[in-house]
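Asks: return a 3D structure for these sequence lines:
(chains A and B)
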Amino acid sequence: MNDRIADDARFALLAKVRQARRMSAGAKFLTGSELFDEACAWNLAGIAAQHPGASDAEKQQELQRRLKLADRLNQ
Amino acid sequence: MSGTDSLLKLVASFDTAGVPYLIVGSYSSNFYGIPRMTKDADLVVHLDAKGWQALPSLFPDGIELEEQMGFEMVTATQRELLRVKDSLFQIELFRLSDDAHDRMRFERRLRQPIFPGVEVSLPTAEDVIVQKLRWCRGAKRPKDFADTVAVMQIQGKSLDWPYIEHWCAQHDTLDILAEAKAEASVVWDADELDNNPR
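Replies: Just a heads-up that it's a prediction; the model follows:
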């Protein structure tokens, strides 16, 4: 089973590398902030589902709290 | 305004004003490696103290100074944090320091085409690796190691290794360089098999 997992991980890595090599300079430049925007949108959707009564400002505040937490975890 | 739009507007303003800059951090490792999410852009700017104080006059609409950040601890450089209006994206400006590699990386910067008619200043792939390894040692953030390995994997074995090793010896990061090369070698081995099928 462990061999199979290692093979799958290697396959996934090589696919990721090939995809990155095919990307244009512009696409590579845009991807980082686009992924961030999408991650924020998904996170806001999660916050809205968990806190249906929250205002937009409260949801943004919670998102910012989570981003600060992520920053601390990454330090 | 998206994060990248704001960054491109800012560097276009620097180009127009003749302010030398360099896009570093995750934007540079995304350019040479495997793109990952980023919530900020890092720029090194070469200005004297007077020019640094006047810098906010060059900020395009929608970009504003957040707060005085003081010093970044790994290379002890002065920095400022910029906010993009209606966005959680941030831009950090670092003033070019007297650090030897900071200076060398800046001198070796390249104008790279990003979109038709749009060029920006970026470090070489080798300098991205040298600096990311330095952050691995100084800040101990796993993402810096992952970025280093990704740049090595995408660029392949053709990197200028003597240059990288020279600076890693100066920064005492040769051990982390060896670890990163070992991780990248999985992809290099596959490249060799692709190029020389049996």
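Asks: grab the nearest non-local neighbour of residue B:20.
Replies: Excluding the flanking residues, the one nearest residue B:20 by C-beta to C-beta, 6 or more residues apart in numbering or on different chains is residue B:46, at 4.3 Å. C-beta here means a position set from N, CA and C on the backbone, and glycine is covered the same way.
Asks: can you tell me how far that neighbour is from chain A?
Replies: Distance of residue B:46 to chain A, given as C-beta to the nearest C-beta, to the nearest Å: 22 Å.
Asks: show me the contacts for that residue.
Replies: B:19-21, B:95-96, B:106 (C-beta atoms under 8 Å, 6 or more residues apart in numbering or on different chains).
Asks: center of chain B - which residue?
Replies: Compute the mean C-alpha point of chain B, and by C-alpha atoms, centre = their mean the closest residue is residue B:24, 1.8 Å away.
Asks: once you drop chain neighbours, what's closest to that residue?
Replies: residue B:42 is the one closest to residue B:24 (C-beta to C-beta, 6+ apart), at 4.9 Å.
Asks: so who does the one you found touch?
Replies: B:23-27, B:91-92, B:94 are the contacts of residue B:42 under C-beta under 8 Å, 6+ apart.
Asks: only alpha carbons, please: show the helix or strand in which it is found as CSV.
Replies: Per DSSP states H and E, residue B:42 falls inside strand B:40-45. Taking Å, rounded to 0.1, in the frame of the first residue of the first chain, the C-alpha atoms of strand B:40-45 are listed here in CSV:
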residue,chain,number,x,y,z
ASP,B,40,0.9,39.6,-1.2
ALA,B,41,3.5,40.9,-3.5
ASP,B,42,7.0,41.8,-2.4
LEU,B,43,9.1,44.5,-4.1
VAL,B,44,12.6,45.7,-3.5
VAL,B,45,13.0,49.4,-4.4
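Asks: what's the first helix or strand after it?
Replies: helix B:49-54.
Asks: avg pLDDT for that following helix?
Replies: Looking at helix B:49-54 alone, the average pLDDT works out to 84.
Asks: quick check: chain neighbours aside, which residue is closest to the residue in chain A that chain B sits nearest to?
Replies: Using C-beta to the nearest C-beta, residue A:33 is the residue of chain A that sits closest to chain B, at 3.1 Å. Leaving aside its sequence neighbours, residue A:33 sits nearest to residue B:3 (C-beta to C-beta, 6+ apart; 3.1 Å).
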